[in-house]
Each structure stands twice: as structure tokens, then as C-alpha cells.
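In: Predicted model, plus sequence, below.
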Amino acid sequence: MRKHYLILFFLLLILAVPAFGKAMEPIDHSAKSILFEIIENGVISSKRASLEFSASSVDRKTWAECKFSILTINDDTKRIEIDAYYASTTESTIRSLQVDSDTVSFEMIPFSLAPDRPLKFIATRVNGTSNLYKASAVGLWSGLLDKNNLVTIEWRQVSMIKLPHTAIGK
């Protein structure tokens, strides 16, 4: 009798092992030129952003990178100033990465000189498409001058950015 239970146990074990050891399908995400207006404490700021990202999950190993440019409208000089940034899991400037078939989310440190100013980024595929995403980013930062004053940052996705000046530079 004991022998039958032992055989049954091993049979079930043999049937169950492939389910646990089975490789998962790779999940890839990639988007270019997602545009945002940047809102500080509920008010549209003079900054806009253009962002692209890639993220992947293969056999429970994930990685991501994010490149973005901040465009600052400078009405005093009648110019647009552009600053480029990069964040990645390789450089530990992207953390808490979650990748599933429809959504990517992570916390990124967009400005290496300000590690206390993370942004929580989330992008969801639009209607199962491969490269169209609904995206946003939010942050709660301490003020530059008054550390007790908190600033709410929101990157709100827009379909286009209208710039009031044609010159780019400082």
C-alpha cells in the first residue's frame, strides 16, 4: 500500500515539474516620442518633456532604460532650452520595475544630482497595440529652498507640444 502512494507521489511530481520549470514568454515594451506637459503643484510649468523607453522581462529577469529631454520655455530670452537625461536599471537609476504584457511601471531617478527627486512612471499599451502607450509620471519632491515645502510634479501626456519661440539655446 505504501508502495502505491510512493509511486503516485513520484508520478505527480514528474507531471508537476515541467509547469514550474517552464520558461516564460518574453515581454517587450518600447515607445518613442511620448510627449508631456509638466505640472508643478497643479499649475502648468514652463517645462515640457519628450520621452522614450524600452523595457523587457525574460524568465523573470527585467531591465529598462529611459531617455528623455526636458524643454524649458524661456520667455525672457525668447528661446527654448533643451536638457537630455538617461535612466536605466543597469545604472540603478530605475528601480521597482514591473513588466507585464500590457503595462510597465518603475521609479526613476531622472536627475543624477538629485537622487531625492524620483518620479513614478507608468505606461499602459493602448488597445493591445505594440507601440502606443498611455503614460504618466508623478513625484512628490521637497522644495529646493525650503525642504519642508513639498512640490507635486505631474507629467501629463499630450499629443503635441506647442512652443512659442523658434530659437533653441541658452
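Out: Arrived safely, thanks for sending. Numbering: from 1, shown residues only.

In: got the contact list for Ser48?
Out: Slight slip there: residue 48 is Arg, not Ser. 35-38, 70-71, 73, 161, 163 (Cβ atoms under 8 Å, 6 or more residues apart in numbering). For every residue, glycine as well, the C-beta is placed using N, CA and C.

In: Heading C-terminal from the helix or strand Lys67 falls within, find the next helix or strand.
Out: According to DSSP states H and E, Lys67 maps onto strand 61-74. Next along the chain after strand 61-74, taking DSSP H and E as the criterion, comes strand 79-88.

In: Tell me which residues of that next one come out buried.
Out: 79-80, 85, 87-88 (16 or more other Cβ atoms under 10 Å).

In: And stretch 39-47, by the same measure?
Out: In terms of neighbour count (16+ other Cβ under 10 Å), stretch 39-47 has its buried residues at 39, 47.

In: now swap in stretch 157-164 and tell me
Out: Those would be Gln157, for stretch 157-164 by 16+ other Cβ under 10 Å.

In: so how far is it from its chain's centroid?
Out: Centroid separation for stretch 157-164 versus its chain: 20 Å, with Cα atoms, centre = their mean, to the nearest Å.

In: Any idea how far apart the tips of it sit?
Out: End-to-end distance for stretch 157-164, by Cα to Cα, to the nearest Å: 19 Å.

In: Quick one: mean pLDDT over that stretch.
Out: Here stretch 157-164 scores 95 as its mean pLDDT.

In: ok, the buried residues of strand 79-88 vs Val138, which is closest?
Out: Ranked by distance to Val138 (Cβ to Cβ), those are led by Ala87 at 15.4 Å.

In: so that closest one touches Ile109, yeah?
Out: Yes: in this structure, Ala87 is within contact of Ile109 by Cβ atoms under 8 Å, at 6.2 Å.

In: any residues in contact with both of these two?
Out: The contact lists of Ala87 and Ile109 share 93-94, where a contact means Cβ under 8 Å, 6+ apart.

In: For the residue most central in space within the chain, which non-adjacent residue is closest in space?
Out: Nearest to the geometric centre of the chain sits Phe121, at 3.9 Å (Cα atoms, centre = their mean). Distance criterion Cβ to Cβ, 6 or more residues apart in numbering; nearest residue to Phe121, sequence neighbours excluded, is Ala137 at 4.5 Å.
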